[in-house]
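> one predicted model, sequence on top.
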Amino acid sequence: MPVTRATNTGRRLLYLMGPSGSGKDTLLRHLRAMLQSDEPVLIAHRYITRPSGADEASICLTDAEFQRRIDLGCFALHWHSHGLHYGIGVEIDAWLAGNAVVIINGSRAHLARAHARYPDLMAIEVTADPNVLAARLAQRGRETAEQIRARLQQAVQRYPVPTDCVIQSLPNNTAPEDAAHRLLAMARHRLSA
């Protein structure tokens, strides 16, 4: 499917990405609680073809409903990973047009596609030490031991990065509030830019 470029170049789009277990959903939950009521910072929910976890801002869709929404043009971005479909709704285009900072929980493997649609996005890679990743994956209880090993191997694999895309690193090895504060500072900086 060809990538269409949005009319908004994504100057206020924060594309959060990182390996499974890096704590992206937890950071977003903490960030949401830190926002001032008048701050135009919005966190997009994801559409996923599996039941949502307690920490996630996501909506579960069947495979058929997900495909129907692709066909209807309901997604600004969508991808397939680990046997599941993920999507970000086109509502983010309206939010960006209204000058909000929009944060999405994206995928490293699909950064190039997101960057093609939103060339001015800010890519932020959440990182965590391998032992921290392993412990978090085991704690959430969604994967088998074999699936956890595969996710840990994937965590260190390289992924395609567009030549003009700058990636900010966001380490998340300590209390999630620490990284959430740094993420909020990045969002506030985009608001003032």
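Yep, it's here. Residues are numbered from 1 along each chain as shown.

> burial count for Thr9?
Neighbours of Thr9 under the rule other C-beta atoms under 10 Å: 14. Any C-beta I mention is one placed from the backbone N, CA and C, and that applies to glycine too.

> equivalent analysis for the one 5 residues further on, please.
As a burial measure, the neighbour count of Leu14 was computed by other C-beta under 10 Å and equals 21.

> quick check, it in contact with Arg188.
No. Counting by C-beta atoms under 8 Å, Arg188 is not a contact partner of Leu14; they are 11.0 Å apart.

> identify the contacts common to these two.
Common contact partners of Leu14 and Arg188 (C-beta atoms under 8 Å, 6 or more residues apart in numbering): none.

> quick one: Leu77 and His115 touch, right?
No. Using C-beta under 8 Å, Leu77 is not in contact with His115, being 10.5 Å away.

> residues of the helix or strand of the chain with the lowest mean pLDDT that come out buried?
Ranked by mean pLDDT, DSSP states H and E, the weakest helix or strand in the chain is helix 145-155, scoring a mean of 78. Buried residues in helix 145-155, counting neighbours by 16 or more other C-beta atoms under 10 Å, are found at Ile148, Arg151, Leu152, Ala155.

> any idea whether Val170 is helix, strand or coil?
Rather than Val, residue 170 is Leu. Here Leu170 is strand, with the state taken from DSSP: H, G, I helix; E, B strand; the rest coil.

> what does stretch 147-158 rub up against?
Contacts for stretch 147-158 (C-beta under 8 Å, 6+ apart): Pro19, Ser20, Gly21, Ser22, His82, Pro130, Leu133, Ala134, Leu137, Ala138, Glu143.

> coming back round to it: as a markdown table, the buried residues of helix 145-155 with distance to Val101 would be great.
Below are these laid out as a markdown table (distance: C-beta to C-beta, whole Å):
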| residue | distance to Val101 |
| --- | --- |
| Ile148 | 33 |
| Arg151 | 29 |
| Leu152 | 32 |
| Ala155 | 27 |
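
> between those, which sits nearest Asp164?
Ala155 (25.1 Å; C-beta to C-beta).

> distance of the closest one relative to Leu72?
Plainly put, Ala155 is 34 Å away from Leu72 if you go by C-beta to C-beta, to the nearest Å.

> same thing with Ala150?
Relative to Leu72, and taking C-beta to C-beta, Ala150 is found at 33 Å.

> how about Ser20?
From Ser20 to Leu72 the distance is 29 Å (C-beta to C-beta).

> between the two, which is the more surrounded one?
Comparing Ser20 with Leu72 by neighbour count (other C-beta under 10 Å), the higher total belongs to Ser20, at 21 against 9.
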